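Visitor: A structural model of the following input is requested.
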Amino acid sequence: MTTTQPPTGPPAPEPHGHPHGHSHNHGPAAPVSQHLRKVIAAVLIPFATAVLVGLVVLWPGGAPAHERTGVGFDRQTQSATVTKLEKLPCKDLNASQTPPNGDTSTAEGQSAQSRAEGTCGRATVKVTSGPDKGRTFTEIVQPDSPRQLRAGQDVVVAYEPKAPKDLQYSVTDVNRKLPMALLAGIFALAVVVVGRLRGVMALVALAVSFLVLTFFILPAILQGSNPLVVAVIGASAIMLCALYMCHGLTARTSVAVLGTLISLLLIGLLGSLFIGWASLTGNTDDNTGLIHGLYPDIDMSGLLLAGVIIGSLGVLDDVTVTQTSAVWELHQANPSMGWRGLYRAGIRIGRDHIASVVNTLVLAYAGAALPLLLLFSIAQSSVGTVANSELVAEEIVRTLIGSIGLVASVPVTTALAALVVSADRSGPGPAPAEAPTAPPSGTAPTAPSARPAPRRPSLAGKGRRRKT
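Guide: From the prediction side, this is the model:
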């Protein structure tokens, strides 16, 4: 007959002061089994390798050079300061315009009357950068101009070397670098204060995203590479860097990466189908027209699709990470829950997320196109006419394709996460039996049969029995 000797020494303290066998600590999830890590690596390593190869093969080495046209953003600019501003009658500055036939019912007539009877500004502007630093010129500001200048204001001026000397410089915009830099600093400080190390990593990932966009995606498209391929490779590189830098090199993050990848592929397929079917050219405003004029080989519809993919990536990351974390926390709270139970619980969480995210996307696109929608409202166009115009149809297709990808990412990511955590062989199992404790000094040991059985949680395993 074998017996178990009671251990000597004081009883071991319970962790965190809890009398039961499992911890309430909500820290990082326990690592998954070696088998599952191998399965996830077998999927992600080839994908990451393909992204790296795509970056190397399509790396542009910089945007191609071209001769400046002087139109829109394609012109030389310098910094300047308004040193003096005089208010004078417009008729004294030869800036007046007589309304045609005296008619002031039109916008042109009202503008001409305002310039004839109003007060104009004569600004003296000093160039503060470039080869003509220190040079001054005069700018006439009309009373109906949307941009009114003031003395001491920093401005941006356009330079046209082929124009007559007196007309080479003109004010084109206000210099907003200081307030924008200050706002960016407040944003970065808020992220670091609230997010701490995770916030720092988020800022680093944001910088990496801008680097990929600036040095790979945009120059590669200008070099003539397929915009869709460039967008997929660039978005995948951004996704890998951002997710793993912000959330760590874990199985949980890897599941979010897989869910994001599948959703991006779905968005790409739907975008290719409906952008072609709806005959959307992507050339709908002055900026896209200028791009097409400078680089006629660029596929503008492909550029539109690339924008849809990149624009959806940020929200996709949020949805997939949230769903994966939710399933992991559900599994830790109830390790006995199977993958079906995890999936159902995760989907209930995801439905709330879908409603808010889709509404966010629609309102974001509507806000960006608000001036355009206002013009249609002024023209009293019908809803069908507005939706059928290419300007609005682009935004509708962009919104709906991105929203479909977001909706699909919830069940896809939830199912992947539920399968991974439920198939994990190293997950939380039955609680180990408690070792018998030694009686206090001077007290006779209690017989095992007379000792009351300790109260255990329902999920804990059975204690070890004495063998006789």
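
Visitor: List the buried residues of stretch 292-305.
Guide: 292, 294-295, 298-305 (16 or more other Cβ atoms under 10 Å). C-beta coordinates here come from the backbone N, C-alpha and C atoms, glycine included.

Visitor: Include pLDDT and secondary structure when you put these into JSON lines, please.
Guide: Putting the buried residues of stretch 292-305 into JSON lines (pLDDT from 0 to 100; DSSP: H, G, I helix; E, B strand; the rest coil) gives the following:
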{"residue": "His292", "pLDDT": "74", "secondary structure": "helix"}
{"residue": "Leu294", "pLDDT": "75", "secondary structure": "helix"}
{"residue": "Tyr295", "pLDDT": "76", "secondary structure": "coil"}
{"residue": "Ile298", "pLDDT": "80", "secondary structure": "coil"}
{"residue": "Asp299", "pLDDT": "80", "secondary structure": "coil"}
{"residue": "Met300", "pLDDT": "82", "secondary structure": "helix"}
{"residue": "Ser301", "pLDDT": "83", "secondary structure": "helix"}
{"residue": "Gly302", "pLDDT": "83", "secondary structure": "helix"}
{"residue": "Leu303", "pLDDT": "84", "secondary structure": "helix"}
{"residue": "Leu304", "pLDDT": "85", "secondary structure": "helix"}
{"residue": "Leu305", "pLDDT": "86", "secondary structure": "helix"}
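
Visitor: would CSV of the residues you listed with distance to Leu88 be doable?
Guide: Below are those laid out as CSV (distance: Cβ to Cβ, whole Å):
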residue, distance to Leu88
His292, 43
Leu294, 40
Tyr295, 45
Ile298, 47
Asp299, 52
Met300, 46
Ser301, 51
Gly302, 52
Leu303, 47
Leu304, 48
Leu305, 53
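
Visitor: between the residues you listed, which is closest to Leu363?
Guide: Leu304 (20.8 Å; Cβ to Cβ).

Visitor: Not including adjacent chain positions, what is the nearest residue to that closest one?
Guide: Gly282 (3.6 Å; Cβ to Cβ, 6 or more residues apart in numbering).

Visitor: Next one: the one you found from Leu228, what distance?
Guide: 12 Å (Cβ to Cβ, to the nearest Å).

Visitor: Find residues that contact each of these two.
Guide: Gly302 (Cβ atoms under 8 Å, 6 or more residues apart in numbering).

Visitor: quick one on the thing from earlier: among the buried residues of stretch 292-305, which one sits closest to Ala48?
Guide: Leu305 (23.4 Å).

Visitor: tell me the contacts of the nearest residue to that closest one once chain neighbours are set aside?
Guide: Closest residue in space to Leu305, ignoring its immediate chain neighbours: Gly271 at 4.5 Å, by Cβ to Cβ, 6+ apart. Gly271 sits next to 305, 308-309, 397, 401 when contact means Cβ under 8 Å, 6+ apart.

Visitor: Can I get those residues in JSON lines including secondary structure and distance to Lys177?
Guide: JSON lines is the format used below for these (DSSP: H, G, I helix; E, B strand; the rest coil; distance: Cβ to Cβ, whole Å):
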{"residue": "Leu305", "secondary structure": "helix", "distance to Lys177": "33"}
{"residue": "Val308", "secondary structure": "helix", "distance to Lys177": "31"}
{"residue": "Ile309", "secondary structure": "helix", "distance to Lys177": "31"}
{"residue": "Val397", "secondary structure": "helix", "distance to Lys177": "35"}
{"residue": "Ile401", "secondary structure": "helix", "distance to Lys177": "35"}
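
Visitor: Quick one: which of these is the most crowded by neighbours?
Guide: Leu305 (28 neighbours; other Cβ atoms under 10 Å).

Visitor: isn't it right up against Val229?
Guide: No: with contact defined as Cβ atoms under 8 Å, Leu305 does not reach Val229; the gap is 10.6 Å.

Visitor: Local confidence estimate at the residue nearest to Leu305?
Guide: Among the per-residue scores, Gly271 holds a pLDDT of 88.

Visitor: just curious, which of the buried residues of stretch 292-305 is nearest to His247?
Guide: So of the buried residues of stretch 292-305, ranked by how close each gets to His247 (Cβ to Cβ), first place is Leu305, at 28.1 Å.

Visitor: ok, which stretches of the chain are strands?
Guide: 76-89, 119-127, 136-141, 154-159, 169-174 (DSSP state E).

Visitor: can you list these in CSV and add distance to Phe210?
Guide: Output for the strands of the chain, formatted as CSV (distance: least, Cβ to Cβ, whole Å):
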stretch, distance to Phe210
strand 76-89, 21
strand 119-127, 30
strand 136-141, 34
strand 154-159, 22
strand 169-174, 22
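
Visitor: how about the ones you listed, which one is nearest Ala369?
Guide: Of all the strands of the chain, it is strand 169-174 that lies closest to Ala369, at 22.3 Å by Cβ to Cβ.

Visitor: what residue ranges in the chain score low on pLDDT?
Guide: Applying pLDDT under 70 to the chain flags the ranges 1-33, 35, 62-74, 94-117, 365, 379-381, 424-468.

Visitor: What ranges does it have for its helices?
Guide: Using DSSP state H, the helices found in the chain span residues 34-58, 107-117, 177-212, 218-222, 227-247, 251-277, 286-294, 300-333, 339-368, 370-378, 383-388, 390-422.

Visitor: send the alpha carbons of the fourth one over as CSV?
Guide: These are the backbone C-alpha positions of helix 218-222, laid out as CSV (Å, rounded to 0.1, in the frame of the first residue of the first chain):
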residue,chain,number,x,y,z
LEU,A,218,2.8,56.9,-55.1
PRO,A,219,6.1,56.7,-57.0
ALA,A,220,5.4,53.2,-58.3
ILE,A,221,2.0,54.3,-59.7
LEU,A,222,3.7,57.3,-61.3
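
Visitor: Can you name every helix or strand that it contacts?
Guide: Packing partners of helix 218-222 (3 or more Cβ pairs under 8 Å, 6 or more residues apart in numbering; DSSP states H and E): helix 227-247.

Visitor: Does anything pack onto the helix it packs on? Which helices or strands?
Guide: helix 34-58, helix 177-212, helix 218-222, helix 251-277, helix 300-333.

Visitor: Who's the closest spatial neighbour of Ile309, skipping the chain neighbours?
Guide: Ile309's closest residue in space is Ala231 (Cβ to Cβ, 6+ apart), at 4.7 Å.

Visitor: Distance of that neighbour relative to Pro60?
Guide: Taken as Cβ to Cβ, the span from Ala231 to Pro60 is 14 Å.

Visitor: So for the two, which residue has more residues nearby?
Guide: Ala231 (26 against 18).

Visitor: quick one: stretch 248-268 to chain centroid distance?
Guide: 15 Å (Cα atoms, centre = their mean, to the nearest Å).
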